[in-house]
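*Asks:* Got a predicted structure here, sequence first:
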Amino acid sequence: VNAPEIQQSLDLAVQHHTAGRLREAESIYQRVLDANPDQPDALHLLGVIAIQYRKYDIAVDLITQALTIKPDYAEAHNNLGYALGNIGRLDEAVASYHKSLAIKPDYSEAHNNLGNSLQDLGRLDEAVASYHNALAIKPHYAEAHYGLGVALNELGRMDEAVVSCQNALAIKPDYAEAHCNIGNAFMGLDKLEEAVESFRMAVAINPKFAEARTNLGYVLQKLERFEDAISNYDRAALPKSRARTLECLYALGRYEEFYLRLERFMEVENTNLGVAAISAFVSHQLGRENPYPFCKAPLDFIRVGQVSNHAENTDKLIDVLVEELGHRIAIWEPQGVTTRNGYQSRDNLFLEPYGGLVELDRIIKAEINSYYIAYKSASCSFIESWPSKISLNGWFVRLLTDGHQANHYHPGGWLSGVVYLKLPNKPKRNEGSIEFGLCGLDYTILDSDYPRTLHRPEVGEIVMFPSSLFHKTLPFRTDDDRLSISFDLLPD
């Protein structure tokens, strides 16, 4: 087959591809490769179809082959980055986007995609710069305005986030995600009625937009419009909406319906951490047996380990970690988390650990194994459905004077923990301590004598507990700071 015939076939395939006729396009690309296995355009575009089918591993393989043949293929580098990002290989995705932009600096889509991957890595300031680069090239790029808005919102720059998403909507009025992010920004600004309106617009455009429905329900719940909140949670049908439905029923005093719903939810799943948290608390408040099987008595599963059990030189390791974390990016009171008067990092410290984190990763995994051995005979889903492999998500928190963390649990974890690297010097009483208890969020307290316990940590401790257990830290008044690394053992 000669070159003009191959080009003619590729042109026809691209016409099918552009029109959404993927099967026809795929068939022609494959025939081209049968005639010429090293045809880079066919390899690349077949990889793009794999992306559209969400077969990202196949896409990576095909596009990598194309780039081996044609290394200066900017579009292929961009699409390789997109595929890599969707299978969690974010650093490689960033590298691919940079290669694309080195070849084609005015490639607005690559700038935008780079911003998305940087945002996923928690490198928010760099993400903002990438979105601005995309918009400098293509001012009417709705997705870049939206991505910028999301990053600004994460940075706590909510007013600017609203403007960015409004810019996206001026270009693309039916952009439901932009309405949703405006709602998120209004929540951060405590403009709850405006948030309700934004979320309602998002679900009017896309009634199946579960995240927007859940967020709408959450704002309505905060406004104590519980019936409307429940209606939206039911339509969202997300795992986190189940726990919030129970919270609303408890707030309304509809206790029998609470337990009927709980029974229905147990038929679907018995490892929902939010449901576990509210079930444990309400059952104590009402003097009833806790029926939810995840971890009925989470306070019994707090365990304290030591870095020194595994490190040759604990002091040296901690000094190295303190030094290394001082050079990593952290955000002041990031939105959506409970850090107050302090900084928190956004990227996963244990995704690709380096320096002292390599040794800490090993130590934490050893302590997690010890934790499981200590509790392996317990009869609860928390232990019986223990994750089959140890995958960690980790971040650091640096609290300054009066810093603390509000009451919360870790909905994305299974087992959670804290490694203490630096603590306030000579705090008064229990300042800087961590308190565990069954009550959290805005639960109505009927019996103030609910179970709780206080732990005063020491440097080098690793405190571990079920991710469904509420915990908070107490503010401290000294002028020094409190540095810790938090982590979650992730569920399967």
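*Replies:* Now that the structure is in, tell me what you want to look at. Residues are numbered from 1 along each chain as shown.
*Asks:* Could you check how far the helix or strand harbouring R235 is from the centre of its chain?
*Replies:* Using DSSP states H and E, R235 sits within helix 226-236. Distance of helix 226-236 from the chain centroid (C-alpha atoms, centre = their mean, to the nearest Å) equals 23 Å.
*Asks:* which outside residues touch it?
*Replies:* 203, 207, 210-211, 213-214, 216-218, 220-221, 241-242, 244-245, 248-249, 251-252 (C-beta atoms under 8 Å, 6 or more residues apart in numbering). Just so you know, the C-beta spots here come from the backbone N, C-alpha and C atoms, and that holds for glycine as well.
*Asks:* Weed out the non-buried ones from those residues.
*Replies:* Buried residues within the contacts of helix 226-236, counting neighbours by 16 or more other C-beta atoms under 10 Å: 203, 210-211, 213-214, 216-218, 220-221, 241-242, 244-245, 248-249, 251.
*Asks:* Helices - which of those residues land there?
*Replies:* Using DSSP state H, the members of these that fall within helices are 203, 210-211, 213-214, 216-218, 220-221, 241-242, 244-245, 248-249, 251.
*Asks:* got any ranges where the chain has weak pLDDT?
*Replies:* The model of the chain has pLDDT under 70 over residues 1.
*Asks:* Going by length in residues, pull out the top strand of it.
*Replies:* Ranked by residue count under DSSP state E, the longest strand found in the chain is strand 392-405.
*Asks:* Just give the nearest non-adjacent residue to L489, would you?
*Replies:* Sequence neighbours aside, L415 is the residue nearest to L489 in space, at 4.1 Å (criterion: C-beta to C-beta, 6 or more residues apart in numbering).
*Asks:* hang on, the one you found packs against I368?
*Replies:* Yes - using C-beta atoms under 8 Å, L415 makes contact with I368 at a distance of 6.5 Å.
*Asks:* mind checking the SS state of the closest residue to C295 other than its chain neighbours?
*Replies:* If the residues on either side of it in the chain are set aside, C295 comes closest to F382, at 4.0 Å by C-beta to C-beta, 6+ apart. When classified by DSSP: H, G, I helix; E, B strand; the rest coil, F382 comes out as helix.
*Asks:* Let me know whether F382 touches F301 as I believe.
*Replies:* Yes - applying C-beta under 8 Å as the test, F382 and F301 come out as touching, 7.1 Å apart.
*Asks:* Between these two, which is the more surrounded one?
*Replies:* F382 (24 against 21; other C-beta atoms under 10 Å).
*Asks:* which residues sit in contact with the more buried one?
*Replies:* The neighbourhood of F382, defined by C-beta under 8 Å, 6+ apart, consists of T271, F294, C295, F301, W414, P466, S468.
*Asks:* on contacts alone, who are the packing partners of the longest strand of the chain?
*Replies:* In terms of contacts (3 or more C-beta pairs under 8 Å, 6 or more residues apart in numbering; DSSP states H and E), strand 392-405 is packed against strand 339-344, helix 356-375, strand 470-473, strand 482-489.
*Asks:* Now do the longest one and strand 482-489, the angle between them.
*Replies:* Here the directions of helix 356-375 and strand 482-489 differ by 60 degrees (axes from the mean of the first three to the mean of the last three C-alpha atoms, to 10 degrees).
*Asks:* Return helix 356-375 as PDB; C-alpha atoms alone will do.
*Replies:* Taking C-alpha atoms only, helix 356-375 is exported to PDB below (Å, rounded to 0.1, in the frame of the first residue of the first chain):
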ATOM      1  CA  GLY A 356      13.200  10.200  54.700                       C
ATOM      2  CA  LEU A 357       9.700   9.400  53.500                       C
ATOM      3  CA  VAL A 358      11.000   6.100  52.000                       C
ATOM      4  CA  GLU A 359      12.000   4.900  55.500                       C
ATOM      5  CA  LEU A 360       8.800   6.300  57.100                       C
ATOM      6  CA  ASP A 361       6.700   4.500  54.500                       C
ATOM      7  CA  ARG A 362       8.400   1.200  55.500                       C
ATOM      8  CA  ILE A 363       7.900   2.000  59.200                       C
ATOM      9  CA  ILE A 364       4.200   2.800  58.900                       C
ATOM     10  CA  LYS A 365       3.600  -0.400  56.900                       C
ATOM     11  CA  ALA A 366       5.300  -2.400  59.600                       C
ATOM     12  CA  GLU A 367       3.200  -0.700  62.300                       C
ATOM     13  CA  ILE A 368       0.000  -1.400  60.300                       C
ATOM     14  CA  ASN A 369       0.900  -5.100  60.100                       C
ATOM     15  CA  SER A 370       1.500  -5.100  63.900                       C
ATOM     16  CA  TYR A 371      -1.900  -3.300  64.300                       C
ATOM     17  CA  TYR A 372      -3.700  -6.000  62.300                       C
ATOM     18  CA  ILE A 373      -2.000  -8.800  64.200                       C
ATOM     19  CA  ALA A 374      -3.100  -7.200  67.500                       C
ATOM     20  CA  TYR A 375      -6.800  -7.100  66.500                       C
END
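*Asks:* mind listing what's buried in that helix?
*Replies:* Using 16+ other C-beta under 10 Å as the test for burial, helix 356-375 gives 356-357, 359-361, 363-365, 367-368, 371-372, 375.
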